[in-house]
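Enquirer: Pasted the sequence and its predicted model underneath.
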Amino acid sequence: MATAMRKSIYGRQLGIDDNNNIVGSGRASALIVTAAAGSANISNVTLQVVDFEDAPVAGVRNLNVWLSDSTSGIGLTATTASGTVTATTGTDFFDQVAKKAKIIQTDATGKIVLAITDTAKTAFKVCYQMSEGGGAKVGVTLATGNYG
């Protein structure tokens, strides 16, 4: 998310994001990532594009999404999910590495729901990079309770 610095210029709120870019209300600057239990052995991870005030931002965007073991998002997980890893909201463009890394396009509301099926209920770190640039981010670390 953006840092706390905010200024109003001609009535428009501006701020500085994590990459020191100037951002404004209604412009994509980050993602809010949440995980919830789905049906048996499925974790539904929602990635929502937001502005610097954490308000949802509509619009289609392409995101790199991967599963990692690292709390900083470096590298891919050594564990392969036992089942599918697929977007149920948004569009899977293609897998870069099967069940570990993919490019996904948001729906028109700026949202992706990624369904991760894994009988071991692995504590994957769900990472992303927005196509607009910026570094790798860890959105959420899955826990047993995030799987159905």
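Expert: Looks like it came in fine.

Enquirer: Quote the end-to-end distance of stretch 60-72.
Expert: Terminal residues of stretch 60-72 are spaced 26 Å apart (CA to CA, to the nearest Å).

Enquirer: Now it: buried residues?
Expert: For stretch 60-72, a neighbour-count test (16 or more other CB atoms under 10 Å) marks R61, L63, V65, W66, L67, S68 as buried. In this view, the C-beta of every residue, glycine as well, is placed from N, C-alpha and C.

Enquirer: Show me how far that stretch is from its chain's centre.
Expert: 6 Å (CA atoms, centre = their mean, to the nearest Å).

Enquirer: likewise stretch 117-137?
Expert: Centre-to-centre, stretch 117-137 and its host chain are 6 Å apart (CA atoms, centre = their mean).

Enquirer: Render the CA-only coordinates of that stretch in PDB, please.
Expert: Coordinates of each C-alpha in stretch 117-137 appear next as PDB, following Å, rounded to 0.1, in the frame of the first residue of the first chain:
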ATOM      1  CA  THR A 117      -6.400 -27.100  -4.600                       C
ATOM      2  CA  ASP A 118      -3.900 -28.800  -2.300                       C
ATOM      3  CA  THR A 119      -4.600 -31.800  -0.100                       C
ATOM      4  CA  ALA A 120      -1.500 -31.100   2.100                       C
ATOM      5  CA  LYS A 121      -2.900 -27.500   2.700                       C
ATOM      6  CA  THR A 122       0.600 -26.100   2.100                       C
ATOM      7  CA  ALA A 123       1.500 -22.600   3.500                       C
ATOM      8  CA  PHE A 124       2.200 -21.100   0.100                       C
ATOM      9  CA  LYS A 125       3.100 -17.500  -0.100                       C
ATOM     10  CA  VAL A 126       0.900 -16.000  -2.800                       C
ATOM     11  CA  CYS A 127       3.000 -13.400  -4.600                       C
ATOM     12  CA  TYR A 128       2.300 -10.900  -7.400                       C
ATOM     13  CA  GLN A 129       3.700  -8.200  -9.600                       C
ATOM     14  CA  MET A 130       1.500  -5.700 -11.200                       C
ATOM     15  CA  SER A 131       2.000  -5.300 -15.000                       C
ATOM     16  CA  GLU A 132       2.400  -1.500 -14.500                       C
ATOM     17  CA  GLY A 133       5.800  -2.200 -12.900                       C
ATOM     18  CA  GLY A 134       7.100  -2.400  -9.400                       C
ATOM     19  CA  GLY A 135       8.700  -5.200  -7.400                       C
ATOM     20  CA  ALA A 136       7.500  -8.500  -6.200                       C
ATOM     21  CA  LYS A 137       5.000  -8.500  -3.300                       C
END
